[in-house]
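Q: this one's structure only:
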């Protein structure tokens, strides 16, 4: 079996376009959660989110006629391939695994809203051709000439992390020498309304791990990594940004929207990832937590981390406090954040954290990024349907 | 993929217009000559040009659930749970952390998304249902099935047009081969999405009788894959799942091994979304790669199943690719298609694989899939004694 390394990164985030912009925002501890401009929020409890700024969207170099999520995905995928220095021949043998949930729903909703409210056929019907999640892979695969296995994975908020875990299998087993993997999601009305009606959104920017937290803040992004066979990466003289040491995937089989109360599935995903990585739990230096800011998730996740790594033993932070919960992109965005934390020796902070919940027995790196020698980082992603994915990266 | 573990088929469950059950129902399907496509009953199609579909009988489906479960689960979740339960019973496999699940689907729980949005459009924020929201995420079916059955290994949902079931099987095989699970329920599901989708499909011109480039529709409505008069797909609904298992584990527990999945590969021919360019060849053919992996010469193949569902451009492209890759076995073409029997939906690829697993008398079977946009899949199934 091959060792898998990360040789390219690409991001479009609420800070703007590019991996450097993303890291600059994280390192500065800048919260990008603001009043929503993309959709009508009248009558809802929470009206904030982390949107990709309009000027960044305009500068992506992707036609504005495409669905917003496709634009985010194409720009991030292009950056990752360029970062890895991959040409057309490399792309022809690469796998493409994309985590997606909303697809082109933002534009599909605009069509449905218009038809329903006017009771007349809308010319926006063409938007439906991009409404399904797999259209990101169709668009990216075609535009970037990717000729290996093409797959769209929908695992709710764990989709982005799952795309990396599943793509790594294809590289590790020698099916392909490299893979482009990551998640994509744009803001949608359904997502915004759904989490509002479940009362899971904080009216203010979210405060993960805080004693007075009131829920999460949604966001939008795309983040990709290039995974490559380690020997191939070295042989072509490419930069090895990090090692993907291991991944664990588990399912709660408990409840559609609530995690297992003891965090059993979460703990199992972390334990599986550690076993796959061949890493002792004491070797983990930093955890990029799922850390949504909901009462239930943060306590349950803390319980699971404590069970696997030991209470208080490792610093944990939630970058969702900075860029929101970017749904299908969250897992890959946080994988990139973890890789950059390893690379720079700096832990991104948990923003808006005033007083840590006493039931969360960890140093949650409040508000200011902290220098730290990190050799091994673990990142968690969980989702509706009891989906749990943990990834472990090393220097 | 180059599997360090042998992957075998130990059970199957299916829910379609042609019947509900395990391997006996699939076997009966193999012998069936007539199509289960009928005029739609669940909604009025009088103003539409297409009227046929492969509908699952509601009474037969509901009979599989108690009243509480029937109320809690959306229809597509009931289809999924029913087929998964039948497959688990057929394979007599244990649930828990060693069991995984891969659900292939094209549309997911489209109805719940529509109902959720309609609630808001009719009554504003107070019209939104918290019960419906989880169904708007496409992994709703995998969530329902994992809870109902106790799947605690990886539960993956794969979204793909036309070949969702085939990709799900390939991914399921990879999960077993990589050691993520000892057994995986892999298959696909879709439901008829209702009158709104049916109208949209016609406006987009994607159902039989399909609209030609000049805007006209001609020919008799029907699903006729690879036939000279094919003029578009007819939609079906249902779910089919097979149990893929580590061969050593299956043997150790005394399971009946129905077939061996010798190779499962998928790839991409990079063409524009929804394109089906009949002249485009595939130099990186997953079909040829799968035969190499299975260590089988083309001449050894005994049957070929395709994903053809009557879409003229896609049928013709698939046939052209198969002719190029199976030049030594032209008599295997045109391939067999289950879409003609039960209607096109995310479960037909798994249904073809299930049927192929039970019909290996003539030799190993190739289950091939091709979607508009270039996603291509090849599964090679062989008799468990053939290695």
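A: Now that the structure is in, tell me what you want to look at. Computed from a prediction, not measured in an experiment: that's the story for all the values here.
Q: near chain B, which residues of the stretch 151-300 of chain A?
A: Residues of the stretch 151-300 of chain A that fall close to chain B, judged by Cβ under 8 Å from any Cβ of the partner chain: A:151-156, A:162, A:166, A:169-170, A:172-175, A:189-190, A:193-198, A:249-257, A:265, A:268. The C-beta positions use only the backbone N, C-alpha and C, and glycine is treated the same way.
Q: Give me the subset of those residues lying in helices.
A: Of these, the ones assigned to helices by DSSP state H are A:162, A:166, A:169-170, A:172, A:189-190, A:193-197, A:265, A:268.
Q: still on that earlier bit, could I have the buried ones of the residues of the stretch 151-300 of chain A next to chain B as ChimeraX selection syntax?
A: A single ChimeraX command selects the buried members of those (16 or more other Cβ atoms under 10 Å in any protein chain shown):
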select /A:151,152,153,154,155,156,162,166,169,170,172,173,175,189,190,193,194,195,196,197,198,249,250,251,252,253,254,256,257,265,268
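Q: was I right about residue A:385 contacting residue B:143?
A: Yes - Residue A:385 is within contact range of residue B:143, at 3.1 Å (criterion: Cβ atoms under 8 Å).
Q: Please enumerate the shared neighbours of these two.
A: Common neighbours of residue A:385 and residue B:143, using Cβ atoms under 8 Å, 6 or more residues apart in numbering or on different chains, are A:256, B:134, B:155.
Q: Let me know the pLDDT of the first one.
A: At residue A:256 the predicted local distance difference test score is 94.
Q: Point me to the residue of the stretch 51-200 of chain B nearest chain A.
A: residue B:143 (3.1 Å; Cβ to the nearest Cβ).
Q: Next, count neighbours for that residue.
A: 33 (other Cβ atoms under 10 Å in any protein chain shown).
Q: That one falls within a helix, correct?
A: Yes - assignment of residue B:143 by DSSP: H, G, I helix; E, B strand; the rest coil places it within a helix.
Q: What residues does it make contact with?
A: A:256, A:384-386, B:134, B:155.
Q: for residue B:146, phi and psi?
A: phi -70, psi -40 (degrees, to the nearest 10).
Q: thinking it is in contact with residue B:101, fair?
A: Yes - contact criterion Cβ under 8 Å: residue B:146 and residue B:101 qualify, at 5.8 Å.
Q: those strands in the stretch 251-387 of chain B, which residues are they?
A: Secondary structure of the stretch 251-387 of chain B (DSSP state E, counting those that start in this stretch): strands located at B:259-268, B:303-305, B:365-370, B:375-382.
Q: Counting by contacts, list what the helix or strand of chain B with the lowest mean pLDDT packs against.
A: Ranked by mean pLDDT, DSSP states H and E, the weakest helix or strand in chain B is helix B:195-203, scoring a mean of 83. Applying 3 or more Cβ pairs under 8 Å, 6 or more residues apart in numbering or on different chains; DSSP states H and E, one finds that helix B:195-203 makes contact with no other helix or strand.
Q: which of the residues in it are buried?
A: In helix B:195-203, counting by 16+ other Cβ under 10 Å, buried: B:197-198, B:201-202.
Q: one step back: pick out whichever of the shared contacts of residue A:385 and residue B:143 sits closest to residue B:298.
A: residue B:155 (36.0 Å; Cβ to Cβ).
Q: who's in contact with residue B:338?
A: B:29, B:305, B:348, B:351-352, B:355.
Q: give me phi/psi at it?
A: Backbone geometry at residue B:338, expressed as degrees, to the nearest 10, gives phi -90, psi -10.
Q: average pLDDT across the lengthiest helix in chain B?
A: Criterion DSSP H: the longest helix present in chain B is helix B:75-91. Here helix B:75-91 scores 98 as its mean pLDDT.
Q: cool, and stretch B:142-153?
A: Averaging pLDDT along stretch B:142-153 gives 98.
Q: If you count neighbours, what's buried in it?
A: B:142-149, B:151-153.
Q: Turn those into JSON lines, columns for distance to residue A:19.
A: Output for these, formatted as JSON lines (distance: Cβ to Cβ, whole Å):
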{"residue": "B:142", "distance to residue A:19": "32"}
{"residue": "B:143", "distance to residue A:19": "33"}
{"residue": "B:144", "distance to residue A:19": "38"}
{"residue": "B:145", "distance to residue A:19": "38"}
{"residue": "B:146", "distance to residue A:19": "35"}
{"residue": "B:147", "distance to residue A:19": "38"}
{"residue": "B:148", "distance to residue A:19": "42"}
{"residue": "B:149", "distance to residue A:19": "41"}
{"residue": "B:151", "distance to residue A:19": "36"}
{"residue": "B:152", "distance to residue A:19": "35"}
{"residue": "B:153", "distance to residue A:19": "33"}
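Q: you'd agree residue B:289 is up against residue B:265?
A: Yes - counting by Cβ under 8 Å, residue B:289 touches residue B:265, with 5.3 Å between them.
Q: higher neighbour count, those two?
A: Taking other Cβ under 10 Å, residue B:289 and residue B:265 do not tie; residue B:265 has more neighbours (27 against 17).
Q: Quick check, that one in contact with residue B:377.
A: Yes - at 7.3 Å, residue B:265 counts as touching residue B:377 under the criterion of Cβ under 8 Å.
Q: now the helices for the stretch 251-387 of chain B?
A: Counting by DSSP state H, counting those that start in this stretch, the stretch 251-387 of chain B has helices at residues B:286-294, B:312-325, B:339-342, B:348-357.
Q: wait, I meant chain A
A: So, for chain A - with DSSP H - the helices run A:19-28, A:54-58, A:68-83, A:88-92, A:105-118, A:135-143, A:159-172, A:189-197, A:230-235, A:264-277, A:295-309, A:320-323, A:330-344.
Q: Tell me what angle the last one forms with helix A:19-28.
A: Just to be clear, that refers to helix A:330-344. Counting by axes from the mean of the first three to the mean of the last three Cα atoms, to 10 degrees, helix A:330-344 lies at 80 degrees to helix A:19-28.
Q: Check the offset of helix A:330-344 from the chain's centre.
A: Distance, stretch centre to chain centre, for helix A:330-344: 9 Å (Cα atoms, centre = their mean, to the nearest Å).
Q: With the fifth one instead?
A: Chain-centre distance of helix A:105-118: 27 Å, with Cα atoms, centre = their mean.
Q: Flag every buried residue along that helix.
A: Under the neighbour-count criterion of 16+ other Cβ under 10 Å, helix A:105-118 has A:105-109, A:111-113, A:115 buried.
Q: picking that back up, touching both of residue B:289 and residue B:265, which residues are there?
A: Contact criterion Cβ under 8 Å, 6+ apart; residues shared by residue B:289 and residue B:265: residue B:378.
Q: circling back to that earlier point, which one of the shared contacts of residue A:385 and residue B:143 sits closest to residue A:29?
A: residue B:134 (33.2 Å).
Q: Flag every residue of the stretch 151-300 of chain B that's near chain A.
A: So the stretch 151-300 of chain B meets chain A at B:151-161, B:167, B:170-171, B:174-175, B:177-178, B:180, B:200, B:203-204, B:265-274, B:284 (Cβ under 8 Å from any Cβ).
Q: Can you get me a residue count around the residue of the stretch 251-395 of chain A found nearest chain B?
A: Proximity of the stretch 251-395 of chain A to chain B (Cβ to the nearest Cβ) peaks at residue A:385, 3.1 Å away. Around residue A:385 sit 32 other residues, with neighbours defined as other Cβ under 10 Å.
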